[in-house]
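> how would this look folded up:
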Amino acid sequence: TGTAGEQHSPDVAKKHVVRPSDTLMGISAALYGDPSQWRRIAEANGIEDPRSLRPGQTLTIPRIR
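Numbering: from 1, shown residues only. Have a look, this model is predicted:
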């Protein structure tokens with residue numbers, strides 16, 4: 001289970017493909033365990049309007065540590 005833990009670890013940069021129901025807060029909660037970190041994802045992807053996510057869009061999820 002080492003690789004599964006790494007994929008969900010906040011200290012490893014990763015990619016996320018946006019699904020229709022996704023929000024930046026939801027993605028942040030799922031990947032970082034903290035919905036308040038959504039701005040980190042927005043900044044890494046040049047997103048100014050957090051409601052502008054498009055299904056199929058690939059986001060870079062920066063590492064936290």
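> Endpoint to endpoint, stretch 49-57 covers what distance?
Here the two ends of stretch 49-57 are set 14 Å apart, with distance taken as CA to CA, to the nearest Å.
> Tell me the bridge partners for T60.
Taking DSSP bridges, one obtains K15 as the residues bridged to T60.
> check contacts around R54.
Applying CB atoms under 8 Å, 6 or more residues apart in numbering, we find R54 in contact with V18. Where you see a C-beta, it was placed from the backbone N, CA and C, and this is true even at glycine.
> three-state assignment of it?
Here R54 is coil, with the state taken from DSSP: H, G, I helix; E, B strand; the rest coil.
> Look at it and report its pLDDT.
pLDDT for R54: 96.
> what do you get for G46?
Taking G46 on its own, its pLDDT is 97.
> ok, which stretches of this structure are strands?
14-17, 58-61 (DSSP state E).
> From what I see, D22 and S52 are in contact.
No: D22 is beyond contact range of S52, at 11.9 Å (criterion: CB atoms under 8 Å).
> Run a quick neighbour tally on E48.
E48 has 7 neighbouring residues, counting by other CB atoms under 10 Å.
> for V17, that is, sorry about that
V17 has 10 nearby residues by other CB under 10 Å.
> again, but for R40
18.
> Now it: closest residue in space that isn't a chain neighbour?
P62 (5.9 Å; CB to CB, 6 or more residues apart in numbering).
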